[in-house]
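Enquirer: Sequence unavailable; structure follows:
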């Protein structure tokens, strides 16, 4: 399942001309991934997903530091990550949904909710994600808050204005769109009550 997810992510990003953002050769063995989520059709086809890095122990482990690449905003970015490390920081990466997947909108919403579940599954307070401006409202719906102190950057290239978002487990419910809350609470109960939480760990074990 991991191979289907990461290969699908590569193909999806390639279709938009931003394959380099996946860093495929570095992440394909799963060693840098602590948790991944796959959206699976009834026939077993993987049509979307996301991966999580962390919890981090050092600021330079965060991919966003390299994505900002020393440009304006980098110092504040580093400060924010450093200030949160003691309470746990994870990073959401390589989110994708197959373009022609049935229920594309619902799948995207489900992955947005997974940001919140990752906080609980990995027992951390904070999650961060770099998102292009067109995708920001999607992730804000699940409780992400744009860091206005960190200047946006053109990443992966000049077509994009990429911003930093944070999720804080202590306040996330205050920022989640009301229509997502029932599903998030129901899914959280399922994760507690079932073996779904077992795959936390290396992708090869999931």
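Expert: Structure received. Everything numeric here is computed off the predicted structure, so don't read it as measured data.
Enquirer: Which helix runs longest in this structure?
Expert: Ordering each helix of the chain by length in residues (DSSP state H) puts helix 104-121 first.
Enquirer: what's the helix or strand that that helix is followed by packed up against?
Expert: Next along the chain after helix 104-121, taking DSSP states H and E as the criterion, comes strand 126-132. Judged by 3 or more CB pairs under 8 Å, 6 or more residues apart in numbering; DSSP states H and E, strand 126-132 is in contact with helix 63-68, strand 89-97, helix 104-121, helix 136-140, strand 162-168. All C-beta atoms are positioned from the backbone trio N, CA, C, and that covers glycine.
Enquirer: Go again with 10 Å.
Expert: strand 46-53, helix 63-68, helix 74-84, strand 89-97, helix 104-121, helix 136-140, strand 162-168 (3 or more CB pairs under 10 Å, 6 or more residues apart in numbering; DSSP states H and E).
Enquirer: I'd like to know which of these lies nearest to residue 29.
Expert: strand 46-53 (12.3 Å; CB to CB).
Enquirer: now that closest one against strand 89-97, angle please.
Expert: 170 degrees (axes from the mean of the first three to the mean of the last three CA atoms, to 10 degrees).
Enquirer: ok and strand 46-53 relative to helix 104-121, angle-wise?
Expert: Using the same axes, to 10 degrees: strand 46-53 against helix 104-121 is 30 degrees.
Enquirer: Enumerate every residue touching the closest residue to residue 142 other than its chain neighbours.
Expert: Counting by CB to CB, 6 or more residues apart in numbering, residue 142 lies nearest to residue 112, which is 3.9 Å off, once chain neighbours are set aside. Contacts for residue 112 (CB atoms under 10 Å, 6 or more residues apart in numbering) come out as 50, 92, 95, 135, 138-144, 176-177, 180, 184.
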